[in-house]
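K.L.:
Got a predicted structure plus its sequence, pasted below:
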Amino acid sequence: MRTLISTAFISLDGVVEAPGGEPGYRNSGWTFKDIEFLPEAFELKGREQQEATAMLLGRTSYEAFSPVWPDMADFADYKVMPKYVVSTTLTEDDLVTNWGETTILRSLDDVAALKETEGGPIIVHGSAGLNRALSDAGLIDRYHLLVFPLLLGAGKRLFSSTDKDAQKLTLVESAVYPNGIQKQVFDVVR
């Protein structure tokens, strides 16, 4: 079974919306505004590219990343790995041609089936709505969180407000950096 890893920049109050400057959100670009850049705080992001063997995205994140990430040196390792987009509306004609093999999945059942295939870890970037659905369905195996020392109030959140049984996590890696960012890596206990 493949490991499904959710990775996120997240505010202390749980917001994951527009960390890199995506338009339409009041606090857009919050990861680099008023937070000192320390390369060591982002080491996890480089390691993810080396360890992941596939990327899973929701439609909205795919549409945001696919015009930009294929040509960015910072994301070169992602260009060649297989990508999976969970969408009920995208068609093959909507996919970019310069970002490697991309497969459209139509349901969470398709994601569950993908996890049963041979291969290494699958990383989920962005995709707040997809992350909430995957978490609620018990499909996420690990969380890679970079928690920023900010309270953003309104915004898309990583976790749903669904009333469900408690889900235990085990902290497997952590660090605190001088700029206030905290790295928290959790495995989901099954």
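P.N.:
Structure received. Residues are numbered from 1 along each chain as shown.
K.L.:
Strands along this structure, start to end?
P.N.:
Taking DSSP state E to define them, one finds strands in the chain at 4-11, 54-58, 83-86, 102-105, 122-124, 142-148, 169-176, 182-188.
K.L.:
Which secondary structure elements does the second one sit against?
P.N.:
Contact here means 3 or more C-beta pairs under 8 Å, 6 or more residues apart in numbering; DSSP states H and E; on that basis strand 54-58 packs against strand 83-86, strand 122-124, helix 128-136. The C-beta positions use only the backbone N, C-alpha and C, and glycine is treated the same way.
K.L.:
Give me whichever of these is most buried.
P.N.:
Using mean count of other C-beta atoms under 10 Å, the stretch among the helices and strands packed on strand 54-58 with the largest mean neighbour count is strand 122-124, at a mean of 24.
K.L.:
Pull the residues that contact that strand.
P.N.:
Applying C-beta atoms under 8 Å, 6 or more residues apart in numbering, the set of residues contacting strand 122-124 from outside is 2-7, 48, 52-57, 84, 114-115, 130-131, 134, 140.
K.L.:
again, only using 10 Å
P.N.:
2-8, 48-49, 51-58, 61, 78, 81-84, 86, 111, 114-115, 130-131, 134, 139-144 (C-beta atoms under 10 Å, 6 or more residues apart in numbering).
K.L.:
Going through these, which ones are buried?
P.N.:
2-8, 48-49, 52, 54-58, 61, 78, 81, 83-84, 86, 111, 114-115, 130-131, 134, 139-144 (16 or more other C-beta atoms under 10 Å).
K.L.:
Perfect, that will be all.
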